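K.L.:
got a predicted structure plus its sequence, pasted below:
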Amino acid sequence: MRILLHRADGDTGPWIKDFSKFMPEAEVAVWRADEKKRPCDYAVLWSPPEEMLVELGDVKAAFLTGAGVDGVLKFGDLLPRHLPIIRLDDAGMGIQMAEYVTHAVLRYFRRFDEYEAQARAGQWAPLAPHRKEDFAIGVLGMGVLGTRVLQALAPFGFPLRGWSRGEKNVAGVQCFHGAGGLDTFLRGSRVLVCMLPLTPETSNLVDRTNMSKLPAGAFLINVARGAHLAEPDLLTLIKSGHIAAATLDVLRNEPLPAQHPFWQEPRITITPHIAALTVRRESVQQICDKIRRIEAGEMVEGIVDRNRGY
Ligand code: NAP
Ligand code: GLV
């Protein structure tokens with residue numbers, strides 16, 4: 001068994017060590033642009049360079065070390081047509097997303113963002129609490145991570161809403177789906193949490209038109225991809241007060257350029273794409289389990305549907 005590994009950060013040592021632990025029989029070959037590799041059985045990669053794609057022609061599957069698949073599907077027809085692409089299923093990311101989004105929601109609900117500003121100004125001034133019934137949380141995308149976030153929010157008693165492509169029925173969550181369900185979903189969501197995959201249909205979905213449908217004083221949390229959000233539209237709606245505040249973990253250009261106006265807007269909180277980091281050990285274990293199941297002729301979860309785009 002040979003596994004072709006690519007890491008954009010070049011930090012391959014710990015990955016090789018974990019593969020030797022969970023699949024001692026496998027040989028891990030690190031991909032390098034200047035070195036042709038012997039044929040491999042599987043590839044493990046995240047956002048590969050285009051020159052690597054030719055080496056994927058003969059592998060049985062390519063495993064991504066993340067949940068989002070846009071960094072690979074962007075190559076379109078350059079990807080070998082029949083290559084199964086397999087994303088991570090949670091693998092330690094779900095709990096991190098749950099922590100991140102719960103923190104952001106509670107920060108806005110309990111007005112901690114405003115208390116932080118008051119404290120910096122030396123002000124002691126209790127604010128009127130928000131009411132839970134006015135604080136419905138709408139999660140765009142009810143997949144592996146969106147579902148985990150909804151589960152984490154459930155004990156707090158906020159009205160919960162979710163939007164997906166196909167129809168869903170989830171206890172305790174008001175479910176909406178498809179283009180036809182989007183307006184009603186947005187109109188009732190005081191907090192909009194974007195957890196969608198980036199596809200041609202979802203790109204720029206969080207734009208002025210759709211954000212204007214949220215109730216006045218809404219909050220935005222984007223933990224999906226920067227290209228879901230029309231950035232100038234957010235600034236316009238924040239300045240008008242229609243959007244009260246936003247927490248953005250993902251941006252169109254990462255790192256966010258120093259001159260970007262978001263840095264100067266106190267109602268926008270930026271984090272550097274850390275909402276849910278890949279947990280190496282759990283990821284390698286999951287990939288090794290799936291390789292064993294594929295070798296045994298079994299089905300595995302997380303195969304990307306290229307027509308859907310996720
Ligand atoms: P997933 O399991 O593929 O779920 C995607 C969800 O989006 C599904 O519920 C799907 O609906 C829905 N959806 C897709 N296209 C849609 C459309 N056109 N209209 C309505 N709903 C649509 O993805 P996931 O694992 O939850 O991850 C979501 C995203 O999080 C990833 O793609 C990635 O971009 C992002 N992410 C970010 C970080 C970070 O650190 N910030 C970390 C990990 C992942 P159906 O259920 O009907 O198919
Ligand atoms: C990170 O953004 C991921 O998609 O795993």
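P.N.:
Sure, I can see it. Ligands and ions are numbered 1, 2, ... in the order given.

K.L.:
can you give me the strands for the stretch 151-300 of the chain?
P.N.:
Here the stretch 151-300 of the chain has its strands, by DSSP state E, counting those that start in this stretch, at 160-164, 174-177, 191-194, 218-222, 243-248, 268-270.

K.L.:
distance of the nearest residue to Leu182 once chain neighbours are set aside from Val193?
P.N.:
Among residues not flanking Leu182 along the chain, Trp163 sits closest, at 6.4 Å (Cβ to Cβ, 6 or more residues apart in numbering). In short, each C-beta sits where N, CA and C put it, glycine included. Noted for Trp163: a distance of 10 Å to Val193, by Cβ to Cβ, to the nearest Å.

K.L.:
give me the common contacts of the two.
P.N.:
Gly138, Val139, Leu140 (Cβ atoms under 8 Å, 6 or more residues apart in numbering).

K.L.:
just give me the residue closest to the centre of the chain.
P.N.:
Closest to where the C-alpha atoms of the chain average out (Cα atoms, centre = their mean) is Ala224, at 3.6 Å.

K.L.:
who's in contact with that residue?
P.N.:
Residues near Ala224 by Cβ under 8 Å, 6+ apart: Gly68, Leu140, Gly141, Cys194, Met195, Leu196, Pro197, Leu198, Val250.

K.L.:
how about CSV for the residues you listed, with pLDDT added?
P.N.:
What follows is those, written out as CSV (pLDDT from 0 to 100):
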residue, pLDDT
Gly68, 98
Leu140, 99
Gly141, 98
Cys194, 99
Met195, 98
Leu196, 98
Pro197, 98
Leu198, 98
Val250, 99
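
K.L.:
tabulate these (a markdown table), appending neighbour count and distance to Pro14.
P.N.:
As requested, the contacts of Ala224 are exported to a markdown table (neighbours: other Cβ atoms under 10 Å; distance: Cβ to Cβ, whole Å):
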| residue | neighbour count | distance to Pro14 |
| --- | --- | --- |
| Gly68 | 20 | 22 |
| Leu140 | 26 | 34 |
| Gly141 | 23 | 30 |
| Cys194 | 23 | 31 |
| Met195 | 27 | 28 |
| Leu196 | 26 | 31 |
| Pro197 | 23 | 28 |
| Leu198 | 22 | 28 |
| Val250 | 23 | 25 |
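
K.L.:
farthest pair in these?
P.N.:
Pairwise distances across these (Cβ to Cβ) peak at 14.2 Å, for the pair Gly68 and Leu140.

K.L.:
circling back: could you dump the strands of the stretch 151-300 of the chain into CSV and include distance to Ser283?
P.N.:
Converted to CSV, these look like this (distance: least, Cβ to Cβ, whole Å):
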stretch, distance to Ser283
strand 160-164, 25
strand 174-177, 30
strand 191-194, 23
strand 218-222, 24
strand 243-248, 25
strand 268-270, 26
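
K.L.:
kindly reformat the ones you listed as a markdown table containing distance to ligand 1.
P.N.:
Converted to a markdown table, these look like this (distance: least, Cβ to the nearest ligand atom, whole Å):
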| stretch | distance to ligand 1 |
| --- | --- |
| strand 160-164 | 4 |
| strand 174-177 | 7 |
| strand 191-194 | 8 |
| strand 218-222 | 8 |
| strand 243-248 | 10 |
| strand 268-270 | 12 |
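
K.L.:
and which of the shared contacts of Trp163 and Val193 is nearest Pro49?
P.N.:
Nearest to Pro49 among the shared contacts of Trp163 and Val193 is Leu140, at 30.9 Å by Cβ to Cβ.

K.L.:
isn't Leu235 right up against Gln264?
P.N.:
No - with contact defined as Cβ atoms under 8 Å, Leu235 does not reach Gln264; the gap is 10.0 Å.

K.L.:
more neighbours: those two, which one.
P.N.:
Using other Cβ atoms under 10 Å as the criterion, Leu235 and Gln264 rank with Leu235 on top: 18 against 9.
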